[in-house]
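# give me coordinates for this.
(one chain, ligands or ions: 1)
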Amino acid sequence: MRRMLGLRTSYGTAILLAVAATLGLVTHQRAWAQAGLGEVLETQAIGNEMEGAARSKRENNQNPQQASPQAPNAAVAARPQDAANRFLTEVNQISLSVANILKLVLIFVILWMWVSAVDWVNRDAQIHQLGYFKWNAIVFFPFMALALLLVFLPLATIIRAPILLVVFLATWIPYVVVHNKNVQPHQTVLTGSWWRYVFASLASKVGLKVSAERKAEYEKGAAVELFAMGAEDLTTNNANLLSARNSPGYLLVKDLIADMAQRRSERLLLDFTQQAVNVRHEIDGVWHNGDARDRESSDVMLAVMKTLANLEVKERRKKQEGKFGAKFEGHTYLCPISSQGVATGERVVMNLRGEQQRFGSYADLGMREGLHQQWAELMAGELGMLVFSSLPGGGVTTLIIVSLEETDRLMRDFVAIEEVNHREAEIQNIAAHTYDAAAGETPVALMPKLIRLYPNVYICRDLVDAESAKLLFKEVNDERLIVTSVPAKEAVEALLRILQMKVPAKEFAAVVKAVLYERLIRKLCPDCKVAYTPPPDVLQKLGIPAGKVEKLYRPPKPEEIEKPCRTCQGLGYKGRTGVFELLVVNDQMREILVKQPNVDLLKKAARAAHQRLLQEEGILMVAKGVTSIPELMRVLKQ
Ligand SMILES: [Zn+2]
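Reported below is the predicted structural model:
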C-alpha cells in the first residue's frame, strides 16, 4: 500500500511539475507577448519609414528633373538615424528577453521547490506516520490556490515571487518542525548537520572531499548488514529488525560478526556467568578461547541476536532456537543460534555459516592421485557394494557428491533412494526416489518400483534396516553397484557398523568391495609454518625410511613469533583437508566378517595386504608438509 502510494506520488510529481511549468509560462507569456508586440510595432514603423525614404530616393532617380531639390538631403539625413534606431531596438530586445528569462527561472525555481516539498511531505508523512492526509492538504492547497489567483492578478513578477515563496515556507516549515521532532537525529532536515551533509554531497560531485557523515546509529561500526529471519512472516521480521536497530547492542552484534568472519570462526560459544561472559570460537573444527566479555554489554548484544532470531529476550532458562542472517564483505551468512540455561547461567551457541565451498574434484578434497585413481576404478565397477564413511559431520556428504560427479553418469543409470525429509543435493543425471519415514516407510517400499527401472547403480546413503539392505544385496547379484554410507571412526569400523544393523553377514561379506573413509585435518598455514629437521627416532616411529624426508613442518612457537601472522590470525593453521583411507575388502577380510568380526583382525588383514590405514595416510601428509605431527595426533585421537 505504502509503495503504491509512493509510486502514485511519483506520477503526481511529474504531472504537477508539468502543470507548474505551464502555469509559469502562461503567467509570463502575456508579459512577453506584450513586450514583443510593442517591439514588432516599433520595428514595423522603422521599416515603413525606411521604405518611404527608399521609395522617394528611387523616384528621385527616375525623374531627376522633377526631383525636389531637398529630397537627396532628406534621404541622406534619414540614414544615420535609422542605424541608431536599429541599435536601440536590438539592445531593448536583448535586455527584455534576459529579464524575462530570469523572472521565469525565479518562478520556476519556487514552483520546483514546492512540488518537491509536496512530494517529500506526502512520502515522509506516511513513512513516519505523521498524518499524511492533513499535511498533504496544508502544503498543497494554500500554495496552489494562491498560484492560480496570481495568474489572474496584474502583478509584476518581482512581487509574485516573494508572495509564493512566503506561502510555500509558511506551509512547509511547520511540517519540517514536526518531522524533526519525530525522527532519528540522522533523519532530520534543515539542521546544521543536514546542511553540512548537503554541502558535502554537492562538493563531492565536483570532486571535493568533505567529510560530513549522516548515518543512523545502527549504520555505524563494522560494515555488517544484519537480517531478522526468525519469524515466519515478513512484517514481524521487519518489526524485529527495526527494534534491534534501536538497541546499542546492534553495533556489538555487527562487530561480533565481523570479528568471527575475520577469524574464520564457524561457531561461537558464549557462557554467561554471574561475573563475565566466556567466549570460545570453533575454527577449522577446533575450539579456541577468546577474550572474556563483560556482562552488561554482552546482555545487550544477546538481546539483539535473540530479537533478530525472534526469540524471547527475557527467557534465559528454557532452550530456544532460531536464526538470523548477516552480510559482510560480499559474503552472506546464516546464523543459527540457540540459548539455554545451564548451572552457571546461560549458554549461547551461534553459528556463522557462509556459502558452501564447492569441491569439484578429488584433488580439491585433498585426495592423493594414486588413491583417487584406485577409487575412481571402484566407482566405475559394475557390481558390488561401496561404503563411504567419516565421523558425523566429517565430510562424507561432500565426498559422496564429488565421487558421484566424477564418475560416468551418462552411460550408466543411477537411482538415489532418499528419505523425503532428508533430501540430498541434486546431482545431474541421478534420479532421486523418496520414501516417507514418518509414514512408517523404508527403502523397501521403493524397491519393487526401482527394480523395474533396471538401474546400474543404487545410491542408498542410509541403509536404515536389515530388510532394505537385504533387498539391495540381492540386486548386486543382478550386476548392480550399491553405494551407501555409515558414520564410523575408521574404515574397518564402518564394516562392523553395517553388520550391527543385523544384516546377514554372509551376504554382506560377499557383496562389499571397499570402504572409503575420510577424516578432516587442519592444514599448516603456508605463511608461517616452520621447517625443522626431525630426529631419526621420530622418523623411525613414524615409519618414514631414513633419508627419505629431510624436513618436517610445524606452527611457529610463541617465542618465534615477531608479529602475529595475518593469514592464519596467529593460529598456525588455515583451512582443512581430508585424510583418506581406502580399504579394499579381500577374501581374508570377508572370512573375518563372517566368522569373527573384529576391528583388530580386520586391520591386521589390511596391513597384511599392504593397504595404508588412516594413520599411514596421515603420516604421508606430515611428510609432505601439509600438516604437523601434533595435528595428526589430535585428529587420530578423535
Ligand atoms: Zn600463519
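# mind listing the strands for the stretch 201-350 of the chain?
Remark: strands assigned in the stretch 201-350 of the chain by DSSP state E, counting those that start in this stretch are 224-228, 267-272, 276-283, 286-289, 293-294, 320-328, 331-342, 345-351.
# now for the fourth one, which elements pack on it?
If contacts are counted by 3 or more C-beta pairs under 8 Å, 6 or more residues apart in numbering; DSSP states H and E, strand 286-289 sits against strand 276-283. C-beta: built from backbone N, CA, C; applies to glycine.
# what packs against the strand it packs on?
Using 3+ C-beta pairs under 8 Å, 6+ apart: strand 276-283 touches helix 249-263, strand 267-272, strand 286-289, strand 293-294, helix 295-308.
# turn the ones you listed into JSON lines, columns for distance to the ion, mean neighbour count and mean pLDDT.
Output for those, formatted as JSON lines (distance: least, C-beta to the ion, whole Å; neighbours: other C-beta atoms under 10 Å; pLDDT from 0 to 100):
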{"stretch": "helix 249-263", "distance to the ion": "13", "mean neighbour count": "21", "mean pLDDT": "94"}
{"stretch": "strand 267-272", "distance to the ion": "21", "mean neighbour count": "20", "mean pLDDT": "96"}
{"stretch": "strand 286-289", "distance to the ion": "14", "mean neighbour count": "12", "mean pLDDT": "94"}
{"stretch": "strand 293-294", "distance to the ion": "26", "mean neighbour count": "14", "mean pLDDT": "94"}
{"stretch": "helix 295-308", "distance to the ion": "29", "mean neighbour count": "21", "mean pLDDT": "95"}
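# export the ones you listed to JSON lines and tack on distance to Asp124?
Shown next, in JSON lines, are the helices and strands packed on strand 276-283 (distance: least, C-beta to C-beta, whole Å):
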{"stretch": "helix 249-263", "distance to Asp124": "24"}
{"stretch": "strand 267-272", "distance to Asp124": "40"}
{"stretch": "strand 286-289", "distance to Asp124": "49"}
{"stretch": "strand 293-294", "distance to Asp124": "39"}
{"stretch": "helix 295-308", "distance to Asp124": "26"}
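# Asp587: which of these is closest?
Checking the helices and strands packed on strand 276-283 against Asp587 by C-beta to C-beta gives strand 286-289 as the closest, at 40.7 Å.
# need the residues that contact the closest one.
269, 278-282, 522, 571, 573, 634 (C-beta atoms under 8 Å, 6 or more residues apart in numbering).
# name the member of these with the most neighbours.
Counting neighbours by other C-beta atoms under 10 Å, Arg522 leads these with 25 neighbours.
# residues in contact with Glu418?
424, 432-435, 461 are the contacts of Glu418 under C-beta under 8 Å, 6+ apart.
# go ahead and confirm Gly543 touches Ile619.
Yes: counting by C-beta atoms under 8 Å, Gly543 touches Ile619, with 6.4 Å between them.
# re earlier: mind giving me the ChimeraX command for buried ones among the contacts of Glu418?
Buried subset of these, written as a ChimeraX selection, criterion 16 or more other C-beta atoms under 10 Å:
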select :424,433,434,435,461
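# with distance to the ion and secondary structure as extra columns, can I get the contacts of Glu418 in a markdown table?
Shown next, in a markdown table, are the contacts of Glu418 (distance: C-beta to the ion, whole Å; DSSP: H, G, I helix; E, B strand; the rest coil):
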| residue | distance to the ion | secondary structure |
| --- | --- | --- |
| Glu424 | 36 | coil |
| Ala432 | 42 | strand |
| His433 | 47 | strand |
| Thr434 | 46 | strand |
| Tyr435 | 48 | strand |
| Arg461 | 37 | coil |
